[in-house]
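[1] Task: produce atomic coordinates for the following.
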Amino acid sequence: MTAHPADTLEADVVIVGAGAAGCALAARLSEDPQRQVLLLEAGGGDGNPLLRVPLMTGLILRSAYANWGYVTEPEPALNGRRLNWARGKVLGGSTSINGMVHMRGLPLDYDGWAAGGLHGWGWQDVLPYFKRFERSHRAGDPLHGTQGPITVSAPRLDNPLFEVYREAARQAGWPATDDFAGPSPLGVGAYDFMIDHGRRVSAATAYLRPARTRPNLRVLTCTQALRLTWGSGLCVNGVEAAQGGRRVICRAREEVVLCGGAVNSPQLLMLSGIGPADALRSHGLAVRVDLPGVGRSLQDHLLVRVEHRALGGVTLDRLRRPDRAAWALLQALLLGTGPAASFPLEVGGLYRSAVADGQAPGLGGVPDLQSHFLPALSSASLKLPGFSRVLPAERGAGFFANVFQLRPRSVGSIELGSADPLAPPRIRPGYLSEPHDLAVLRDGVRVLREIFAQHAFDGWRGEELSPGAEVRSPAELEAWIRATADTVYHPTSSCRMGAEGDPLAVLDAQCRVRGVQGLRVADASSLPKVTSGNTAAPTLMLAERVADFMRGREAAPGGSGPGQG
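    Presented below is the predicted three-dimensional model:
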């Protein structure tokens, strides 16, 4: 890495953001010893051992640690509530603080992208890239990879309520599925996780840690990008950043790649003069490229929870006793065992709403709802010193299942709050702005209630705590949804790819920013639409794909996957 003056660095590629995509891209590009890569991360390192403990997710998502701590603007369809949007501010990004569920989405997501004009992004095109990064426990299955950096493991299913839930779903008429990424994902089953022997697998531990031994990769933490820098014409040639009290200019000989995620990437584009012209001018910013789609098309999954009091003492709520929490944490840290060594959203289902049956018969048996069951009333089950302020109120022992719509129609936006790069942007998710989404979510509550009403839960099921037995009519359920629904932390599509001629497409099919040279966006904001499920795996897939675009190579469609570099 070449350093000229003390405040200037130079590399072939400058990557902004060391989250899922940034870590994967930096690792893949630095496999070429002739290419110098500089990776910038606004947060700190991921050395805190608590980040390795899966059950700590419930506390970290609610705390300020390793977290941007964003808050949405008041949401009109949610009674004007402002929702907390946790996003990882640490090496590994949100993969260092999320629930670690490994979901690819459904083939129809990607085939829909291709049908919309993004040729080369169909299911058979992207499957090799999912397989490339996976080290799956499903050895010998042609749909899964076994040699990649990301360990994908089966859940432990130690709690007896997991099997109770699965049996209840079968009694309610849902088929069993042994693989949500398989040919028959509809039904109830167990999720795969990015966990290895009881410890979190993040993009930082899997990709970045091995790659940092390479002399051609440099990683700067606590370094926040302020704006892009420009060369001649409409060519981006670097990034201006702040590191502590000093200003750093990071020059890119080849390209700059934004990997800041669905909030930070559109913000940085707009701060740099790339975005909706009128909105930029309203903040006193010079317009370099008028791209109306920057910050638009934002999507996220919105969930509700059906909760019950539990009979018996088997729920994870018992870990709220400090001595039990301390012992569970010690087991997980030292041995990778015990109740804190897994994240307890281990079983659930992909279900199909009655609304989908009525309005989209052409989809056949394709699910439009996702649910996770948890044998506690909160994922924040560990009561630990220093985190008491983020713990939910004590409510006794219980269990819940959440449900969210896989493919919402509602869209929102990311907007600048100020021309100050250190000021947070305005997040307007637009939840339930499409009435269809409210109808699907309401029917999801019916699905969960039918499951919890089955004989399998007899002897385990106490009173319904939420919505509550008195909430029954469509109007009552809709009022309850508006009062209680919350984010699943899956924001995407605010700098989305799109076909030529799409007025809101920010990126072309190789994630290059339209109208700008030397600049790409490769992260969850690049996804054309939110995928059907958790979004970490699709983001890793996209980063693997963009790495090949930048290296001038690509997997054969439908093949077993590219080599390991």
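
[2] quick one: residue 373 is in a strand?
    Yes - under DSSP: H, G, I helix; E, B strand; the rest coil, residue 373 sits within a strand.

[3] Just list the residues touching it, thanks.
    161, 162, 165, 345, 346, 347, 348, 399, 400, 401 (C-beta atoms under 8 Å, 6 or more residues apart in numbering). Every residue, glycine included, has its C-beta placed from N, CA and C.

[4] out of those, which one sits closest to residue 464?
    residue 400 (10.1 Å; C-beta to C-beta).

[5] wait, the closest one sits on residue 308?
    Yes - between residue 400 and residue 308 there is a contact under C-beta atoms under 8 Å: 7.1 Å.

[6] Neighbouring strands of the helix or strand where residue 151 lies in the sheet, and parallel or not?
    Using DSSP states H and E, residue 151 sits within strand 150-152. Partners of strand 150-152 in the sheet, by DSSP bridges, are strand 134-136 (parallel).

[7] quick one: the strand it pairs with to chain centroid distance?
    Relative to its parent chain, strand 134-136 has a centroid offset of 18 Å by C-alpha atoms, centre = their mean, to the nearest Å.

[8] got it, and stretch 439-458?
    Worked out by C-alpha atoms, centre = their mean, stretch 439-458 lies 26 Å from the chain centre.

[9] contacting residues around that stretch?
    164-165, 167-169, 171-172, 174, 302, 304, 306, 308, 351, 353-356, 368-369, 371, 401, 403-405, 408, 432, 461, 464, 467, 474, 477-478, 481, 485.

[10] likewise stretch 275-285?
    By C-beta under 8 Å, 6+ apart, stretch 275-285 touches 266, 269-271, 273, 286-287, 289-292, 294-296, 415-416, 418-419.

[11] now the closest residue to residue 313 other than its chain neighbours: how far from residue 307?
    What sits nearest to residue 313 in space, not counting adjacent residues and going by C-beta to C-beta, 6 or more residues apart in numbering, is residue 397, at 6.8 Å. As defined by C-beta to C-beta, to the nearest Å, residue 397 lies at a distance of 11 Å from residue 307.

[12] where do the contact lists of these two overlap?
    Once C-beta under 8 Å, 6+ apart is applied, the residues that residue 397 and residue 307 both contact turn out to be residue 377.

[13] Could you point out the longest strand of the chain?
    strand 246-258 (DSSP state E).

[14] which secondary structure elements does that strand contact?
    strand 8-16, strand 37-40, strand 223-230, strand 236-243, helix 261-271, strand 519-521, helix 536-551 (3 or more C-beta pairs under 8 Å, 6 or more residues apart in numbering; DSSP states H and E).

[15] Residue 400 and residue 308: who's more crowded?
    Neighbours were counted for residue 400 and for residue 308 using other C-beta atoms under 10 Å; residue 400 has more, 22 against 19.

[16] next one: phi and psi at that one?
    phi -150, psi 160 (degrees, to the nearest 10).

[17] low-confidence ranges in the chain?
    Along the chain, the model assigns pLDDT under 70 to residues 1-6, 357-364, 388, 554-565.

[18] Which helix runs longest in it?
    helix 435-452 (DSSP state H).

[19] how far does the helix or strand just after that one sit from the chain's center?
    Remark: after helix 435-452, the chain's next helix or strand is strand 461-466, criterion DSSP H and E. Distance of strand 461-466 from the chain centroid (C-alpha atoms, centre = their mean) equals 30 Å.

[20] before we move on, what about stretch 337-348?
    That offset, for stretch 337-348, works out to 19 Å (C-alpha atoms, centre = their mean).

[21] Renumber starting at 57 from here on
    Let's use 57 as the start, then, which means that last one is stretch 393-404.

[22] Quick check: residue 406 touching residue 425?
    Yes - with contact defined as C-beta under 8 Å, residue 406 counts as touching residue 425 (7.1 Å).

[23] Do a quick rundown of the strands in the stretch 307-456 of the chain.
    In the stretch 307-456 of the chain, strands defined by DSSP state E, counting those that start in this stretch lie at 330-331, 345-346, 358-366, 403-407, 425-430, 454-461, listed in chain order.

[24] Partner strands of the last one and their direction?
    Same thing as strand 454-461. strand 358-366 (antiparallel), strand 425-430 (antiparallel).

[25] That strand vs strand 403-407, what angle?
    Computed by axes from the mean of the first three to the mean of the last three C-alpha atoms, to 10 degrees, the angle separating strand 454-461 from strand 403-407 equals 30 degrees.

[26] Repeat that for the third one.
    Here strand 358-366 runs at 130 degrees with respect to strand 403-407, directions being taken by the same axes, to 10 degrees.

[27] what's the distance between strand 358-366 and the middle of its chain?
    For strand 358-366 - counting by C-alpha atoms, centre = their mean - the centre lies 21 Å from the chain centre.

[28] Also the fourth one?
    The gap between the average C-alpha position of strand 403-407 and the chain average comes to 18 Å, counting by C-alpha atoms, centre = their mean.

[29] repeat for the fifth one
    Using C-alpha atoms, centre = their mean, we find the averaged C-alpha position of strand 425-430 to lie 16 Å away from the chain's own average C-alpha position.

[30] now swap in the first one and tell me
    The gap between where strand 330-331 is centred and where its chain is centred comes out at 24 Å by C-alpha atoms, centre = their mean.

[31] hang on, the earlier thing: which of the contacts of stretch 495-514 count as buried?
    Among the contacts of stretch 495-514, those scoring as buried are 220-221, 223-225, 228, 230, 358, 360, 362, 364, 407, 409, 411-412, 424-425, 427, 457, 459-461, 464, 488, 517, 520, 523, 533-534, 537, 541 (criterion: 16 or more other C-beta atoms under 10 Å).

[32] Need the overlap of contacts for residue 406 and residue 425.
    Joint contacts of residue 406 and residue 425 (C-beta under 8 Å, 6+ apart) are residue 462.
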